[in-house]
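In: need a structure here:
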Amino acid sequence: MTLPVLRDYRAETINMSCKRCDRHGVYDRKALVKKLGAAIEFVELRRILAIGCDRRGTDGCEASFPCLLTANILIEAPYER
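Out: As a prediction, this is how the structure comes out:
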């Protein structure tokens with residue numbers, strides 16, 4: 001299973017939030033595609049949008065995209081038996 005990229009999500013806005021540091025934001029999907037490309041993975045997008053956070057890019061980062069859960073887009077590969 002491949003990681004989701006911007007082209008996989010079609011809504012107009014993308015919301016990101018972090019429970020740990022209480023950061024949140026709503027971003028225009030078209031603007032992100034124009035700036036970063038439709039092939040950028042949400043994992044990389046999370047690193048970019050979390051700039052300025054001390055936990056960015058570490059296991060302590062809890063930034064997530066609740067909009068992906070609503071759209072049933074998986075971030076992690078399913079558990080394989």
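In: all helices in this protein, in order from the N-terminus.
Out: 29-36, 42-49, 66-70 (DSSP state H).
In: Could you report the distance from residue 11 to residue 66?
Out: For residue 11, the distance to residue 66 equals 12 Å [CB to CB, to the nearest Å]. Placement of C-beta: from N, CA and C, glycine included.
In: now swap in residue 53 and tell me
Out: According to CB to CB, residue 53 stands 17 Å off from residue 66.
In: Comparing those two, which residue is more hemmed in?
Out: residue 53 (18 against 12; other CB atoms under 10 Å).
In: State the pLDDT value of that one.
Out: Per-residue pLDDT puts residue 53 at 79.
In: any idea how far residue 73 is from the closest residue to it other than its chain neighbours?
Out: Excluding its sequence neighbours, the residue lying closest to residue 53 (CB to CB, 6 or more residues apart in numbering) is residue 21, at 5.8 Å. Using CB to CB, residue 21 is found at 24 Å from residue 73.
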